[in-house]
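Trainee: Predicted model and sequence follow; I will ask about them next.
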Amino acid sequence: MTETTFPRIHAERLLASLQALGQLGALPGGGVNRLALTDADRMSRDWTVQRMRALGMEVHIDAIGNGIAIYPGQEERPPVMMGSHIDTVRTGGLYDGNYGVLAGLEVIATLHDAGLRTRRPLAVAFFTNEEGARFQPDMLGSLVYVGGLPLAEALATQGIDGPTVGEELSRIGYAGPAPVGMPQVDSYVELHIEQGPVLEQQGKQIGIVEGVQGIAWTEFTLEGVSNHAGTTPMAMRHDAGLVASRIAVFARELALRLGGRQLATVGRMEFRPDLVNVVPNQVVFTVDLRNTDDMLLQQAETELRAFAAQAAKAEGVQCRARQLARFAPVAFDPLVVEQVALQAAALGLSTLRLPSGAGHDAQILARVCPAGMIFVPSAGGLSHNVREYTAPQDLAQGAQVLLQVVWQLANRP
Ligand code: GLV
Ligand code: MN
Ligand code: MN
């Protein structure tokens with residue numbers, strides 16, 4: 001089949017599916033809250049599995065709750081996989097992750113309607129706990145899938161609200177019977193919104209993603225002494241809140257000093273006892289450091305830990321640091337990257353080569369097969385925000401590129 005005779009994806013059907021999935025766990029003012037393995041996540045899994053089955057796909061739920069649906073090919077070979085995630089952050093939008101899964105199903109529906117089968121099978125996957133907002137590390141389901149994290153360790157991971165991954169998987173009925181790591185995949189293509197401002201600012205329609213930057217998440221626990229805010233002289237305090245605040249400011253200054261692509265975010269901070277008139281005795285907070293250069297990322301981690309230890313000591317506070325996630329930068333395989341470039345060009349779409357700022361399951365799948373990603377623009381660069389938005393035309397174009405890329409990959413000799 002030549003580019004001109006490719007079937008076209010059904011844009012309205014794709015948009016309607018995004019809206020329908022966006023109703024599950026919907027927040028009153030817009031956006032969704034589907035933290036991994038909550039009841040809302042269960043609803044979105046049930047809905048997605050039903051849709052997969054309606055397309056005649058065989059659905060496998062594995063022991064870490066990943067859902068993998070197969071659309072048979074003409075030959076029995078490892079499938080070309082599409083996919084992403086359907087969990088969200090607590091204040092998420094309709095597109096992060098969901099778009100990659102639903103566009104994958106739209107590709108299958110389009111081929112199904114046209115009565116077409118590829119040489120290799122196709123697969124569409126939703127991976128457990130990609131976001132890492134409730135359980136760390138992020139990309140946990142795909143990490144177990146590729147053998148990067150033992151299943152038992154993943155199941156024992158405790159969430160920020162108490163229960164473990166294993167307990168929650170059982171509770172929502174998604175501790176599946178399929179062995180993890182099956183099937184083996186030929187290649188992996190993830191379509192995703194950019195989640196940043198670059199494509200929009202440069203007026204480009206498709207992002208050819210060349211890789212993903214490195215990610216280091218650390219949780220700090222500071223233990224001081226709680227005492228009366230009105231009676232404790234300033235010089236006699238062991239204020240965990242002060243130390244946490246100093247480290248947060250240092251993280252920002254560190255990123256600015258290192259410059260380039262260094263990023264630093266303090267996204268979570270919990271004070272104890274969290275009262276107006278008590279010097280805080282305990283603070284638990286997280287620092288998210290990212291860089292495309294692993295050496296610089298390591299430097300940032302080392303400097304941050306050294307500063308934290310020194311700031312805690314100066315205040316007479318105990319400091320513990322725990323690594324929650326650490327992923328080195330990843331370069332995607334030219335097999336996929338160049339196919340994305342070719343198909344975007346065949347469709348006459350403007351493109352930009354760029355790294356991904358966010359973490360994605362594709363960077364984990366890249367450990368076991370050629371993997372790559374396609375980006376479409378995010379309005380205002382907003383994501384992990386209820387106002388996340390991508391224009392319908394961009395969503396449709398991205399899905400068409402996905403169809404053509406997997407068509408080529410699945411039909412190669
Ligand atoms: C995943 O969404 C991340 O934090 O990059
Ligand atoms: Mn995502
Ligand atoms: Mn996300």
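Mentor: Cool, the structure landed. Numbering: from 1, shown residues only. Ligands and ions are numbered 1, 2, ... in the order given.

Trainee: residues in contact with the one helix or strand residue 124 maps to?
Mentor: For residue 124, the element it lies in under DSSP states H and E is strand 122-126. Residues outside strand 122-126 that contact it (CB atoms under 8 Å, 6 or more residues apart in numbering): 45, 48, 52, 57, 66-71, 73, 79-86, 97, 101, 104-105, 107-108, 111, 183, 185, 361, 406, 410. In this view, the C-beta of every residue, glycine as well, is placed from N, C-alpha and C.

Trainee: Backbone dihedrals for the spatially closest residue to residue 232 that is not a sequence neighbour, please?
Mentor: Counting by CB to CB, 6 or more residues apart in numbering, residue 279 is the residue found nearest to residue 232 once chain neighbours are left out, at 5.9 Å. Main-chain dihedrals, residue 279, degrees, to the nearest 10: phi -60, psi 120.

Trainee: so what's residue 279 up against?
Mentor: Neighbour list for residue 279: 224, 225, 226, 227, 228, 229, 232, 237, 238, 239, 241 [criterion: CB under 8 Å, 6+ apart].

Trainee: One more pass at 6 Å, please.
Mentor: For residue 279, the contact set (CB atoms under 6 Å, 6 or more residues apart in numbering) comprises 226, 227, 232, 237, 239.

Trainee: Give me the buried subset of these.
Mentor: For the contacts of residue 279, a burial check counting by 16 or more other CB atoms under 10 Å picks out 226, 227, 232, 237, 239.

Trainee: Helices of the stretch 101-250 of the chain, start to end?
Mentor: For the stretch 101-250 of the chain, the helices defined by DSSP state H, counting those that start in this stretch occupy 140-145, 151-155, 165-172, 198-202, 240-258.

Trainee: Which secondary structure elements does the first one sit against?
Mentor: Right, helix 140-145. Under the contact definition 3 or more CB pairs under 6 Å, 6 or more residues apart in numbering; DSSP states H and E, helix 140-145 sits against helix 151-155, helix 361-365.

Trainee: Give me the mean pLDDT for the first one.
Mentor: Helix 151-155 shows an average pLDDT of 98 in the prediction.

Trainee: what's the answer for the last one, then?
Mentor: Averaging pLDDT along helix 361-365 yields 98.

Trainee: now stretch 241-259, how far from the chain's geometric center?
Mentor: A distance of 25 Å separates the centroid of the chain from that of stretch 241-259, by CA atoms, centre = their mean, to the nearest Å.

Trainee: again with stretch 312-327
Mentor: 25 Å.

Trainee: can you pull the buried residues of that stretch?
Mentor: 312, 315, 317, 319, 324, 325, 327.

Trainee: what does that stretch contact?
Mentor: Taking CB under 6 Å, 6+ apart as the rule, stretch 312-327 contacts 136-138, 215-224, 238, 240, 243, 305, 308-309.

Trainee: Next step: these restricted to strands.
Mentor: Of these, the ones assigned to strands by DSSP state E are 215, 216, 217, 218, 219, 220, 221, 222, 223.

Trainee: Which members of those residues additionally contact ligand 1?
Mentor: Subset of those in contact with ligand 1: empty, counting by CB under 6 Å from any ligand atom.

Trainee: buried subset of those?
Mentor: When neighbours are counted using 16+ other CB under 10 Å, those contain these buried positions: 215, 216, 217, 218, 219, 220, 221, 222, 223.

Trainee: wait, which of the residues you listed is closest to ligand 2?
Mentor: Nearest to ligand 2, judged by CB to the ion, of these is residue 215 at 12.7 Å.

Trainee: Excluding sequence neighbours, find me the nearest residue to the closest one.
Mentor: Of all residues not flanking residue 215 in the chain, residue 327 sits nearest, at 4.6 Å (CB to CB, 6+ apart).

Trainee: Give the phi and psi angles for that neighbour, as a check.
Mentor: Dihedral angles (degrees, to the nearest 10) for residue 327: phi -130, psi 120.

Trainee: can you give me the end-to-end distance of stretch 224-240?
Mentor: 5 Å (CA to CA, to the nearest Å).

Trainee: on that earlier part again, identify the farthest-apart pair in the buried residues of stretch 312-327.
Mentor: 315 and 327 (32.1 Å; CB to CB).

Trainee: Buried residues of stretch 393-400, list them for me.
Mentor: 394, 395, 396, 397, 398, 399, 400.

Trainee: Mark which of those are part of helices, please.
Mentor: 394, 395, 396, 397, 398, 399, 400 (DSSP state H).

Trainee: residues in contact with the residue lying closest to residue 222 once chain neighbours are set aside?
Mentor: Of all residues not flanking residue 222 in the chain, residue 240 sits nearest, at 4.0 Å (CB to CB, 6+ apart). Listed by CB under 6 Å, 6+ apart, the contact partners of residue 240 are 222, 224, 280, 281, 282, 283, 317.

Trainee: Right, I'll leave it there.
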